[in-house]
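Asks: For reference, the sequence and a predicted model appear below.
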Amino acid sequence: MGIWTLITATLIVQEFATSALVLVLAVHSEIPLWPIHVIWAVTTLVDMYFGYQLGLLLKRKLKNNRWVGKIDRWSRDAVDALGDRGVGVALMLLAIVNFPYLNTFIAAWIDAPQNVSILFTTIGNFIWYLLLWGAVLGLTSFVENPSIILLVIVGIGALSHLSFKIFERAQKKNRRK
């Protein structure tokens, strides 16, 4: 029962490296994969629902806040620039690299309809899930030792973190100019 709790917890959070490690463990333990897919689908839908509801709640509660007004103006400008179809595509692309609850929280904040935000977030998150399984199955088919797989996943995580930090510094330098 412990492995199922671990799988569920990691698929709620949906952080790539941790989820990959747990799924590698599941593959090596020869656990059937279909319940994992069902857990992913259910936890993703629940995450999206609660993220959207929390976004609506906080937007209503904080509507008179000065910072919320600035965020609302910025989000209206972004939605106007993207258009209706662009919002859906942006939500889908964001869902590939973002958490489903955060994505639908943002969608609620920009007043995107719940069905649109859930549809496009599900599509993007499904792409993330396919990439996750591609990494897991690729690693487990080429590398037998779970310790080496752990090192590979940690190394990939460190490289991606470093890449984002370098990109962030470059952006800060460009803003100063």
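Replies: Nice, thanks for sending it over.

Asks: for the spatially most central residue of the chain, what are its contacts?
Replies: Geometric centre of the chain, nearest residue: Phe99, 2.4 Å, by CA atoms, centre = their mean. By CB atoms under 8 Å, 6 or more residues apart in numbering, the residues touching Phe99 are Val13, Gln14, Asp47. C-beta here means a position set from N, CA and C on the backbone, and glycine is covered the same way.

Asks: do the same with Leu25
Replies: Listed by CB under 8 Å, 6+ apart, the contact set of Leu25 reads Ile3, Leu6, Pro146.

Asks: And it, how far from Thr10?
Replies: 10 Å (CB to CB, to the nearest Å).

Asks: thinking again about what came up before, and the residue nearest to the centre of the chain, backbone torsions?
Replies: Main-chain dihedrals, Phe99, degrees, to the nearest 10: phi -80, psi 140.

Asks: Torsion angles phi and psi at Glu144?
Replies: In terms of degrees, to the nearest 10, the main-chain angles of Glu144 are phi -90, psi -30.

Asks: and it, how many neighbours does it have?
Replies: Residues lying near Glu144 (other CB atoms under 10 Å) number 9.

Asks: Helix or strand for Ser160, just tell me which one.
Replies: In this assignment (DSSP states H and E), Ser160 forms part of helix 146-176.

Asks: wait, Tyr101 sits on Leu45?
Replies: No - using CB atoms under 8 Å, Tyr101 makes no contact with Leu45, being 10.8 Å away.

Asks: what about the two, which has more around it?
Replies: Ranked by neighbour count (other CB under 10 Å), Tyr101 and Leu45 place Tyr101 first, with 24 against 15.

Asks: For the more buried one, which residues are in contact?
Replies: With CB under 8 Å, 6+ apart, Tyr101 has these contacts: Asp47, Met48, Phe50, Gly51, Leu54.

Asks: rerun at 7 Å
Replies: By CB atoms under 7 Å, 6 or more residues apart in numbering, the residues touching Tyr101 are Asp47, Met48, Phe50, Gly51.

Asks: need the next SSE after the host helix or strand of it, C-terminal direction.
Replies: Remark: Tyr101 resides in helix 100-109, with elements defined by DSSP H and E. Moving toward the C-terminus from helix 100-109, the next helix or strand (DSSP H and E) is helix 114-142.

Asks: ok and that next one relative to helix 146-176, angle-wise?
Replies: Computed with axes from the mean of the first three to the mean of the last three CA atoms, to 10 degrees, the direction of helix 114-142 lies at 130 degrees from that of helix 146-176.

Asks: Mind listing what's buried along helix 114-142?
Replies: 114, 117-118, 120-126, 128-129, 132-133, 135-136, 139-140 (16 or more other CB atoms under 10 Å).

Asks: domain parsing for the chain?
Replies: Domain ranges of the chain: 2-142, 145-177, per automatic domain parsing.
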